[in-house]
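In: Predicted model and sequence follow; I will ask about them next.
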Amino acid sequence: RLLLHNDDVHTFEYVTYMLQKIIPTISNAKAYQLTMTTHCEGVSTVSQTAKPLAQKYCVQLQKGGLTASISPDSNFKNNRSGGE
């Protein structure tokens, strides 16, 4: 699971742009929704995907200055925080 964590540094526009740029399956509307969820809840699930792809996306988001991490699905109850 690829997670995006809230920060007080980046604008909504920048976060939305980076999500779309790095993860090709995310639309503008979905990227904005994820940005809003991250802002309101502190964290959101960006994608539930295989570990190698989650790691790739995570590193790219981090290189873009965003705070991202990966975590196994077993760490979540009730499929919390949306997702792809």
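Out: Yes, it's here.

In: wait, residue 4 sits on residue 18?
Out: No - between residue 4 and residue 18 there is no contact under CB atoms under 8 Å: 9.4 Å. To be clear about C-beta, it is placed using only N, CA and C from the backbone, and glycine gets the same treatment.

In: quick one: which of the two has more around it?
Out: In this view residue 4 and residue 18 are compared by other CB atoms under 10 Å, and residue 4 has more residues nearby, 26 against 21.

In: residues shared between the contacts of residue 4 and residue 18?
Out: In terms of CB atoms under 8 Å, 6 or more residues apart in numbering, residue 4 and residue 18 are both contacted by the residues 61, 66.

In: Quick one: the helices in the protein, in order.
Out: 12-22, 28-41, 51-63 (DSSP state H).

In: Switch those over to a markdown table; also include distance to residue 70 and mean pLDDT.
Out: Listed next are the helices of the chain as a markdown table, based on distance: least, CB to CB, whole Å; pLDDT from 0 to 100:
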| stretch | distance to residue 70 | mean pLDDT |
| --- | --- | --- |
| helix 12-22 | 14 | 97 |
| helix 28-41 | 15 | 96 |
| helix 51-63 | 5 | 97 |
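
In: mind checking which of those is nearest residue 72?
Out: Nearest of the helices of the chain to residue 72, taken as CB to CB: helix 51-63 at 8.4 Å.

In: Contacts made by the closest one with the rest, please.
Out: Outside helix 51-63, the residues that touch it by CB under 8 Å, 6+ apart are 1-2, 4, 18-19, 22-23, 46-47, 49, 68-70.

In: now with 7 Å?
Out: With CB atoms under 7 Å, 6 or more residues apart in numbering as the test, helix 51-63 has contacts from 1, 2, 4, 18, 22, 23, 47, 68, 69, 70.
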